[in-house]
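> missing the sequence, but the structure's below:
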């Protein structure tokens, strides 16, 4: 099985992308998947995950308390195989900083929608990602309609908003990994 590096991106790298990373790391460990996982944000580095995000993930038996934010430029310098953005603005910023990532950068919701339509991967990862990204124009990716693919930012909101966000991210990350690594899908649920 080929090793992949997946980068999750959000605004501050203190709420959504650390939660997505936490869920993905938990699944990867449980299924023994050869994935290198990381997260980054558009803002400054060196910040801890929000207290609310840490608490919500602890409710899921996942500890993200050691998390420290990383900037997108630093994360991109590590050469991820593909990027999963929490919102369309993050996708567009990633592509503007590294245009070569365009075919391999998706919002989490768009990735899952496309994967469901195409079915589970049964060949090389590179071919699967290429097929998933086929037909997306830059104008389509930048359109206002693409904001429907945004995962709402819980920052500054109540714990209930963090919980809703975590539930949504968990479901989408599980679905994403199930499509990328179908032989391990039975271990996810």
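It's in. Note that this is a predicted model, so its numbers are computed, not measured.

> could you measure from residue 73 over to residue 5?
Note on residue 73: its distance to residue 5, by Cβ to Cβ, to the nearest Å, is 16 Å. To be clear about C-beta, it is placed using only N, CA and C from the backbone, and glycine gets the same treatment.

> let me fix that, I meant to ask about residue 104.
For residue 104, the distance to residue 5 - Cβ to Cβ - is 11 Å.

> quick one, which of residue 73 and residue 5 is more surrounded?
Legend: neighbour count by other Cβ atoms under 10 Å for residue 73 and residue 5, higher for residue 5 (15 against 12).

> low-confidence regions, the protein specifically.
Within the chain, the stretches with pLDDT under 70 are 1-2, 140-147, 184-189.

> now do the strands in it.
4-10, 35-41, 82-85, 105-107 (DSSP state E).

> distance to residue 97 added to these, as CSV?
Shown next, in CSV, are these (distance: least, Cβ to Cβ, whole Å):
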stretch, distance to residue 97
strand 4-10, 10
strand 35-41, 11
strand 82-85, 10
strand 105-107, 10
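
> which among those is found nearest to residue 175?
Smallest distance to residue 175 across the strands of the chain (Cβ to Cβ): 11.8 Å, for strand 82-85.

> can you list contacts of stretch 148-158?
Residues outside stretch 148-158 that contact it (Cβ atoms under 8 Å, 6 or more residues apart in numbering) are 10-12, 14-16, 50, 52-53, 86-89, 107-110, 113, 161-162, 164-165, 168-169, 172.

> circling back to that earlier point, quick check: neighbours shared by residue 104 and residue 5?
Counting by Cβ under 8 Å, 6+ apart, the residues touching both residue 104 and residue 5 are residue 81.

> tell me the residue furthest from the middle of the protein?
Most distant from the centre of the chain: residue 158, at 22.5 Å, with distances by Cα atoms, centre = their mean.

> and it, how far is that from residue 56?
Relative to residue 56, and taking Cβ to Cβ, residue 158 is found at 11 Å.

> list the buried ones in the top helix by length along the chain?
For the chain, the longest helix by residue count, based on DSSP state H, is helix 159-180. Of all the residues in helix 159-180, those buried under the rule 16 or more other Cβ atoms under 10 Å are 161-166, 168-170, 172-180.
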